[in-house]
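Asker: any chance you can model this:
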Amino acid sequence: MKSVYKPLILGLSGPRISKEEYFLFKTHLPLGYIIFSRNIKDFLQLKNLIAELKSLNPDQKTLIMIDHEGGRVNRFSNFFNQNNQSAKIFGNYFKADKNKFDLEINKFINFNSNLFNYFGINLIATPVLDLFYPNKSSVISDRAYSENVKEVISIGKIIIKKYFKRRLLTIGKHAPGHGLSNLDSHFHLPIINETKDFLFNNDFECFKNIESPFLMTAHLLYKNIDSIHPATFSSIIIKQIIKKKLKFKGLIMSDDICMKALNGSIESRAARSFEAGCDIVLHCSGNLAEMRRLLTTTKVANKKLLAKMIKIFNYSQ
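Answerer: Reported below is the predicted structural model:
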């Protein structure tokens, strides 16, 4: 794996690679791509699209990511629904009947794994490790497994291990915790006013020692920890808390930098994410002009990132 990759994961505009996207990606090779519903016309088309994306690089080592949790976060909703397989429902099974939980989670992960492996998808933005809080923004809500820290940790570890056994990589999210948000970070910057002690004993605890190969940051401002920078831009949150105190050893990815919780140009958002300690930046919109600016201004991946990626690819592909 050569040092030619830009540490970016990018979204495409549609179900096929446009000529402009093709030459841009060929010239400035991103580390991977993210698939959304807009990229899925039918199953054969998607399989061909992913094969073409992988063929763009000389090593055939490409992250093909999908943000797919089940429940309402289902990129295949035009083909099947998983409304009865939300995190909340799995959390309820876990509380009430462990045997039922095991049965249902195995059905869910077996189905998803077979689907993803068929297409060539190798990276899934799950599990959600955010705590459920009543009367908070619906952006998390039924995407959370539980209001109980130990239950979230237990279910999260099960999800990660089961996907890993099927040679699929996971992204725990949204570190270090999005559940307290009163606002949807797609549109606004949520401000969290809880004390450090509360956060470390609750939301942050859900991410401690999690053995997912990737974590995704939250676009939240934790006022009593870093009163200036949202987590994605905060070296205090990423370097001192996630990497040191929560002991995360894998790769840290920003949440989508197109989200309106963040400010500044798209290039400055990426630069601030990297400076804070993110290893990879995620850009989802498929906006060609923004991707061109990102790819031309972002430096190629450093040796430390490449070493970790080689280890990951040796396992997953």
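
Asker: hey, let's count contacts and neighbours off CA atoms from now on
Answerer: OK.

Asker: what packs against the longest helix along the chain?
Answerer: Looking across the chain with DSSP state H, the single longest helix is helix 98-119. With contacts taken as 3 or more C-alpha pairs under 8 Å, 6 or more residues apart in numbering; DSSP states H and E, helix 98-119 sits against helix 43-55, helix 87-96, helix 149-165.

Asker: how about the strands in the protein?
Answerer: 6-11, 30-35, 63-66, 123-124, 169-175, 191-192, 214-217, 221-222, 251-253, 281-283 (DSSP state E).

Asker: any residues touching the longest one, and which ones?
Answerer: The set of residues external to strand 169-175 that reach it, using C-alpha atoms under 8 Å, 6 or more residues apart in numbering, is 122-130, 156, 160, 163-164, 204, 207, 212-218, 242, 255, 316.

Asker: how many other residues sit next to the residue lying closest to Ser113 once chain neighbours are set aside?
Answerer: Once flanking residues are discounted, Ser113 sits nearest to Arg166: 6.6 Å by C-alpha to C-alpha, 6 or more residues apart in numbering. Neighbour count of Arg166, defined by other C-alpha atoms under 10 Å: 16.

Asker: can you tell me how far the most centrally placed residue in the chain sits from Lys304?
Answerer: Ranked by distance to the mean C-alpha position of the chain (C-alpha atoms, centre = their mean), the top residue is Ala125 at 3.9 Å. From Ala125 across to Lys304, the span is 23 Å (C-alpha to C-alpha, to the nearest Å).

Asker: tell me which residues of stretch 265-280 are tucked away?
Answerer: Neighbour-count burial for stretch 265-280 flags 266-267, 269-274, 276-280 (criterion: 16 or more other C-alpha atoms under 10 Å).

Asker: just the closest of the residues you listed to Asn117, please.
Answerer: Ile280 (23.0 Å; C-alpha to C-alpha).

Asker: against Phe274, how distant is Phe233?
Answerer: Distance from Phe233 to Phe274, by C-alpha to C-alpha: 8 Å.
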